[in-house]
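*Asks:* dropping the sequence and predicted coords here.
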Amino acid sequence: MNRTRYTELIIMIMSVLLSVATFSGCGKDNEVTDGAFVIEEDTNVRYAEKFQSEVLSEAGIISDEDGLLHLITIDEGEDMVLCYDPNCKHIPATRNRPDSECMAALFVERTQTLYYEGAIYFFVQDGIFDHKIYKMETDGAGRELIAKLPFGYNITQCALFSEDKVYYIAKIPYENELTSTIRFGVRIVEVNLLDGSYRFVCEETKDLIMQINLSGKTLYIRRAGAEDGGIYATRVNIDTLEETILVTAEVNGNEYAYVDAYDEDSFYYYGKQTYDIGIRNVDGTVEKVLIKGSVGEDFGWADPSCDGLFYNRTYDYEDEPVGSYFMDFLTGKVINITDEKVKYGIVGYDGYYDVFVAHDDEYNWTLWSKAKILDEATTAD
Amino acid sequence: MIKHELYKLISAKAIVALTFIVLIVNVILLWKMEKDKTSYTAADYMNEWATITEEARVSGWEVVLEGFGEKLAVFDETGLSAKERFALRNSADYYKKALYTDIQTELAFLTDYAGYLEGIDSAAKRYEKIVLFGNVDGYAYRDIMKMKAAYADVDKIELIPAPSAGIEMAATSGVTDILALIVLLCVAVTVWLKEREHNMLLLLRTTCHGRVKLAGSKLTVMIMSCIFLGVGLYGGNAIAASIMYGLGDLGRPLASVYDYGHTLWEISAGEFLILNALFKIIAYIWVTLLISAVCCKIRSSVAAFGGIVIVGAAGCLMYYKIPYLSLMVAFKYLNPFAILKTELLFADYNGLNFFGYPVDYRLCMAVLLTVGVILFTILTMRFFTGYIIKGTGKSWNIITGVFGWVRALVVKLRRNIEKHTSLFVHELHRILVCYGAGLVLVVLIVFVVYDSQPYEVKYSDLEYYCEHMYLNELKGPVTQEKRDYIDAEEARLKGLSDEYSRAQRRALSMIRQRLAYIEKNEGACFIYDTPHNSLTAAMGNRTDILRAVICMVPLALVMPCFFAPDLQSGVCKITDVTKKGKRELPRLRYVTGTVLAMIIAAVAHIPYFVQVMVSYDVDMEVLSYPVNSLTNLAELGNGINIGVYYALIYMLRVVFTVLGAFLVYGLSRLLKSQAYAILTGFIVLVVPALAVLYDSRLEAAVYPYSAMLGNLFIQKRSTAVMCVIAVAFVCVIMKLTIRIRSKK
C-alpha cells in the first residue's frame, strides 16, 4: 500500500467511528451523566424576546426612543441610533412629514418592532381595527410591506418566529350594533411572512394570554385562567388545530404550573407543592426533575432558554429573592448568580444569544454576556 | 435654417410675452416663498450673522456657538405654566427662537466640518457594531464602503462660517422649474405642432432640407430655448437672492453652504451656481426632447397633451409617493419629474439601491441624462422625418399593426352608422371620436370610479370610535334626555378602568365640548362631522384643489375641439355661409359643450361625495340640520341647512366649470389653434392649482378660481370677490378682443 492509500484507510475508519458515535447519541434519553442533559428545544423556533418596547438581537437591545430605533450594545451598553448613514440627520417621522429619510425612523402610526434573523419587523397600527407588518433588512436596503391584517395586535409578551411564520396575539374587534359598543376577542394568529396570508390557530378566548411557545407542531399557550373557568395552559396541534387542555384549576392546577415548552410532548413545569423545576410529559407524568425544591422556598420565576435555566428562589412568597441561579444544561452545574443579579439588575436570560437581560431602576435596558456573568459568579465563589 | 426657426419663435408674440411674464413671476414667487419660509425676515438673518461675525473676530467661533445656548435659554419652556407658555409664544421676540436655532445649526456644522469627515471614516466601524447583523455582504455595507471611498478625497479643510441662505435661495427653487416647463411646452408646441396643424409639414417634407435638416434646426432652437430659460431663470434667482440675502464670498468652498455641507464637489459657491444652472439646462433639454418625441409621435394634439400630462403626473407621483425607505427608491430619483432636481447632485453622496448594490446617484443621473438626450433626439428625428399622411403610412406601432383588422372592422361599422344628415350626431361624432374627447371622458370616468371606491373608515384611536358611536346615538337637536344620557354615561364610566371604558370617558369629554359649542350656537345639532369635514374643507382646501384639477384637465383637453379646428383650417369660412352653419352650428356647439362641461364637473366631483357618504354610512337625515352644526361652518349661522350648503357648492362648481369651458372656447376663437388653446387652457386653468398643490404658500393663486373649489368661495369672502372680479375681467377682455379681431 502506498502512502495515499494509508491516508484514505485512516479517514474511512475515522468516519465510521464518528458516525457510530454520532448515532449512538440519538434518541430520547435525557439522562446524561453528571446531571447534564440533552436539549430538545425546537431550534427552528425563535422567540422574539421583548421587554417592554425593547427587543433582543445578536448585537444588543433594539429599543425605540423619540421615534427612532436605537441599538444598545452587549456589555459595553453603547447607545446608538440604528442608522449607519453619516449624512443622515436622524429626523423622526412626524404627522406633517411622515416620510423620514432615516432608516431608524419609526412609522408615524403606533408601531412596535420585532427582530428575527437579520430583519426588523414593524407592526404598524392602521386604524384601531387593522395593522400592517413591514420588514426591513438590517442591511438598510429599504422597507417592504409584508401583510395587511384586519385586526389589532399584541406582541409585547407573546410573539415568536418559526421559519417563515410569525405567531402572536390578534385582537379581533366585534361591534355590537344594538349597544353601539365594541369588544375585542383574543386569538393566536399565524402570519406567513412570505405571502402575507394568515390563519388563526386557536379558539377565541376572553382570557389574558400570558405566553406562547412552539415546539415542532405543538403550540403551547399559557393563560391567566381567570375568564375561561381556570384553564392555565393548553396545547394546539398547528396542523390539525386540535386544542387540548394541559393545566387546569379543576384537575392539576394546584399541583404544578406550566413554565415553557421542552419538546412536542413535554414541557418545563414547577411544582406548586414540591417547588421542583423539571420536565413533564403532556399526560402529566414527570419525565425529569431538574431542580429539587425545599419546603418553605417557592421560586419567583424560571426562565429556561436553549442551553440553560435562570431561576429565582424566594422565601414564603416574598418578593425579595433568597437567591438567583443559573443551571447550565450541558454540564448540569448550578451557579449562584445572586450578587450579579442585584449588581446588574438581571431580569431574564436568552440562550439564543447567550445573554442576560438587565435594567436599572430607571428601566435603562442592557445585555450582559453569559460568559461575563458566569465568570464573575464563579470567581466570586 | 436655424435662424429662420429662431425668428419664427421670436416672432410669436405670445411666446415672447409668456417668457417675459414667467421671468418676472419666477422672481416674485421665489421672493414670496422665501419670505413665508421662516418666521424671521431676511434682514433679521443677515443682521444676526453680521453681529456674530463681529463677535467671532474678538472671541472665536466656538465661543459664539456656545453663546447660542444662552440666547436660546430665554425661550426654554421647561417648568412654565400654560399661561406663561402662551405669553412667551406670543411675545414680540419669539421669532428669534427659530432664527437662533437655524443659525446655531448652521454654525455647529460649519465649525466641525473636519469632525464630520472623520465621522464618515469611522462609519464602517460603527456599522460593524450595528450589523448584527454580521452581514457585511449587504447593501448597507457596500454603500458605506463606497461612501467612504467617495469622501476619502475630500479635503479636511477648515470652513469659515458665513450665511448660507443666499446661495440656497439662488440654487433651490421648485417653482422655477415648473415655470420653465410651461414655457418649454409652449415652445415645443410652436416648433413641432404649429406647422403640422396647418398641414405645412406635408409640403415641407417634400423640399430639399425639409426632413433631417429641418428637424435638426428645430431641435437646435429647442436647445437654445432651454439655455436661454436656464440662464434667465437662474440668473434671476441669483439676482433676487443677492438682493434679499447677499451671496457672500463666491470663492468660499461649497461645503460652507449649510444645505451642501455634505457635498462631494470641491468647488466654490460661485462655481456651484454656474454648474447648477448648467445641469438645470441639461435637464430642461432632456425634458424638452421627451416632450418633442411625444409631440412628433402622436398625431392628435389632444392625445399629445394627454401623453405629456400622463408622463408628468407619473413622474410627480413617483417622486412624492415613493417613500425614502422603500425598496423602489431608485424610481423616486430617476424619473421625468425628479430629473429636474439637479441640485441633489451637489447635496451629498446618495447610493441608489439596485438589487442590493449601491450605485452613485450622480452616475445614475449622468447615464440617464446622456442616454435620454441621445435616445429622445433619435426618436424625435425619426418620428418627424417619418411623418406621413394619416392612414397611408406604414405603422411603426406593433400593436396597431397587429390589431389592424379591428380598425378595419370599426371603419366598416362607422360607415354604416354615419349614413345620416343629423348635425347633432355628426358634431358629437366629430368631438367624441375624431378629436378623442370620448377617450378623455372614458379615461376620466375610469380614473374617478377607481379612485372613488368606498373605503374602510379608520380610527386612529379607540376614543374616536367611541365619539362616533355617541354622536350617532345623540344626533339631532339637543334635548334634556340627551343631556341626561351624557350625565348617566359619565356616572356609569366612573371607576371603570378597562381600555374601552377609558376611551369612552375621553370620548364623553369631547361630547361635552361639543355640547358647549351647540349651546353657544343657536339651532346647531349633534352630528358626527368627520365625513362632512372632508367635504367642507375643514382641514384645508387640498382635496378641493385636487378635484378641481381632475375637472380642469379634461376641460382644457376637450373644449378646444369645438371651435379651434374649424377656425384653424378655415372650414368655418365655408360653414358660416351655409344654412345651418351660421347660427345653428355655433349654438349646438355651445349647448353640447355646456352639457359636456357639466358631465365633466359631475364626474369629477359627485363620486367623491358619494364615496365619503357611503364609506361613513351617513344618514341622509343629517343633511336637514343647520349648517352651523359643523364647527368649521359656525360663521354661516343656522340660516341654511347642510344639504342646501352642499347643493350650493356643487352648483357653484358646475356653473364655474361651464364658465371655464366658455373661457377655453374664447381662447380657441382667439388663438385659432387647437394646440395653443389646449396649452393656454392648461396655463390658465390647471397650472395655478398645481402650483398650490406643490406649495401651499402659493394658495392665493387659486383665489380667482375659488368658485371651482366651492368651499373656499363660500367660506372666504375675499376669494369670492376676487373670483367674481376675475370672471368679469376675463369676460370683458375676451369680448373686446373678439370684437376687435372680427372687425379686422
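*Replies:* In hand now; what should we look at?

*Asks:* need the nearest residue in space to the single nearest residue of the stretch 1-150 of chain B relative to chain A, chain neighbours excluded.
*Replies:* In the stretch 1-150 of chain B, the residue that lies nearest chain A is B:Gly138 (2.5 Å; C-beta to the nearest C-beta). Just so you know, the C-beta spots here come from the backbone N, C-alpha and C atoms, and that holds for glycine as well. Of all residues not flanking B:Gly138 in the chain, A:Asp139 sits nearest, at 2.5 Å (C-beta to C-beta, 6 or more residues apart in numbering or on different chains).

*Asks:* are we agreed that that neighbour is in a helix?
*Replies:* No. Counting by DSSP: H, G, I helix; E, B strand; the rest coil, A:Asp139 is not found in a helix; it is coil.

*Asks:* show me the shaky parts of the stretch 101-250 of chain A.
*Replies:* For the stretch 101-250 of chain A, residues meeting the criterion pLDDT under 70 lie at A:140, A:177-180, A:228.

*Asks:* related to what we said a few turns ago, distance of the residue of the stretch 1-150 of chain B closest to chain A from A:Glu163?
*Replies:* Distance of B:Gly138 to A:Glu163, given as C-beta to C-beta, to the nearest Å: 21 Å.

*Asks:* stretch A:209-228: which residues count as buried?
*Replies:* For stretch A:209-228, the neighbour count (16 or more other C-beta atoms under 10 Å in any protein chain shown) marks A:209, A:211-216, A:218-223, A:225, A:228 as buried.

*Asks:* pick out whichever of these sits closest to chain B.
*Replies:* Checking the buried residues of stretch A:209-228 one by one against chain B (C-beta to the nearest C-beta), the nearest turns out to be A:Ile209, at 15.5 Å.

*Asks:* quick check, that closest one in contact with A:Gly225.
*Replies:* No. Proximity of A:Ile209 to A:Gly225 does not meet the contact threshold set by C-beta atoms under 8 Å, at 10.8 Å.

*Asks:* the residue nearest to B:Gly138: how many residues sit nearby?
*Replies:* 25 (other C-beta atoms under 10 Å in any protein chain shown).

*Asks:* would you agree it is in contact with B:Tyr127?
*Replies:* No. The pair A:Asp139 / B:Tyr127 is not scored as a contact, 9.7 Å apart, by C-beta under 8 Å.

*Asks:* what sits in contact with each of the two?
*Replies:* B:Ala140, B:Tyr141 (C-beta atoms under 8 Å, 6 or more residues apart in numbering or on different chains).

*Asks:* tell me the secondary structure at A:Val251.
*Replies:* coil.

*Asks:* residues near it, how many?
*Replies:* 12.

*Asks:* closest point of the stretch 251-381 of chain A to chain B, which residue?
*Replies:* Counting by C-beta to the nearest C-beta, the stretch 251-381 of chain A gets nearest chain B through A:Tyr353, at 10.1 Å.

*Asks:* go on, the stretch 101-250 of chain A?
*Replies:* For the stretch 101-250 of chain A, C-beta to the nearest C-beta, closest residue to chain B: A:Asp139, 2.5 Å.

*Asks:* flag every residue of the stretch 101-250 of chain A that's near chain B.
*Replies:* Neighbours of chain B within the stretch 101-250 of chain A, by C-beta under 8 Å from any C-beta of the partner chain: A:101, A:103, A:105, A:109, A:118, A:126-130, A:136-144, A:180-183.

*Asks:* please narrow the residues you listed to those residing in strands.
*Replies:* A:Met136, A:Glu137, A:Arg143, A:Glu144, A:Thr181, A:Ile182, A:Arg183 (DSSP state E).

*Asks:* where does pLDDT dip in the stretch 251-400 of chain B?
*Replies:* In the stretch 251-400 of chain B the weaker segments, taking pLDDT under 70 as the threshold, are B:387-400.
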